[in-house]
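Asker: Build me a model:
(one chain, ligands or ions: 1)
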Amino acid sequence: MRFRPFTDLVFAPIFRLMTIRKIARMGHPILTQVAEPVTDPTAPEILDLVRDMIETMEDANGAGLAAPQVYVPLRVVIFQAPAGRAGAEIDAEEEYDPTAPLTVLINPEIEQVGDEVELGWEGCLSVPDLRGLVPRHRRIIYRGLDIDGQSIEVRAQGFHARVVQHECDHLDGMLYPQRMPDMRALIFESEVQHWLAEGSQKETDDDQNFS
Ligand code: NI
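Answerer: This is a model prediction of the structure:
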């Protein structure tokens, strides 16, 4: 049986109870591996994985999650970029969207657009309690497959582009501190207010968990 509407992934627990999976933490080798491509995105075990990832991400208040974070070395990510977090208007001319609904992306590829890079605060469910200032491409186009095996191509900017870059890094064994040019900006969440007081980074949002 296949569930066509994406919402069925979230709201069809009659068929199989979703499970909150344990999240790997920095230091576990699964987080440094390069994950394998998914050969059949429509396989039942991929549906089970994705449903569990959604449950796990929502339980942890994350903006995204990558399969290696739940100990599955496959190229699957989920993410969302709600309007309240986006911090930018949609670029009407180029249609690079700062927001995204809950999205499943399998075997993703990222193409950077232009040279613009911006710093922003990130956190990661695999690096609990910490935040860091990380440079990311401001605009990207990403491509991959959805849970039905259909091709996706999306133009993203701002927070949306950032969360996709963060999640896809997990598939290549990369955690955000490895992207940081200045480790002085790797801090505990509880100390973020000191950086706000300096006014050094207007994009800080202390409700912003990544994955
Ligand atoms: Ni993460």
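Asker: Tell me where the chain has strands.
Answerer: In chain order, the chain shows strands spanning 64-66, 76-81, 100-112, 117-124, 127-137, 139-145, 151-157, 186-188, with DSSP state E as the criterion.
Asker: So which residues make contact with the last one?
Answerer: Residues outside strand 186-188 that contact it (Cβ atoms under 8 Å, 6 or more residues apart in numbering) are 129-132, 177, 180, 194-195. (C-beta placed from N, C-alpha, C; glycine too.)
Asker: Next, format the residues you listed as a markdown table and append neighbour count.
Answerer: Written out in a markdown table, the entries for the contacts of strand 186-188 read as follows (neighbours: other Cβ atoms under 10 Å):
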| residue | neighbour count |
| --- | --- |
| 129 | 9 |
| 130 | 16 |
| 131 | 25 |
| 132 | 22 |
| 177 | 16 |
| 180 | 17 |
| 194 | 10 |
| 195 | 17 |
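Asker: What pLDDT does the model give residue 194?
Answerer: Reading off the per-residue confidence, residue 194 sits at a pLDDT of 89.
Asker: and it, what does it touch?
Answerer: Shown in contact with residue 194 (Cβ under 8 Å, 6+ apart): residue 187.
Asker: one step back: now tabulate the contacts of strand 186-188 in CSV and tack on distance to the ion.
Answerer: CSV is the format used below for these (distance: Cβ to the ion, whole Å):
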residue, distance to the ion
129, 13
130, 11
131, 12
132, 11
177, 11
180, 13
194, 23
195, 20
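Asker: Which two of these have the greatest separation?
Answerer: Using Cβ to Cβ, these reach their maximum pairwise distance at 177 and 194, which is 18.9 Å.
Asker: Determine which of the strands of the chain approaches residue 50 most closely.
Answerer: Across the strands of the chain, closest to residue 50 is strand 100-112 (Cβ to Cβ), at 5.4 Å.
Asker: what's next to that closest one, contact-wise?
Answerer: The contact list for strand 100-112 (Cβ under 8 Å, 6+ apart) reads 6, 9-10, 37-38, 41, 46, 50, 54, 75-81, 137, 139-147, 152, 154, 156, 160, 163-165, 167-168, 171.
Asker: switch the cut-off to 6 Å
Answerer: Outside of strand 100-112, the residues within contact range by Cβ atoms under 6 Å, 6 or more residues apart in numbering are 37-38, 41, 50, 75-81, 137, 140-147, 160, 168.
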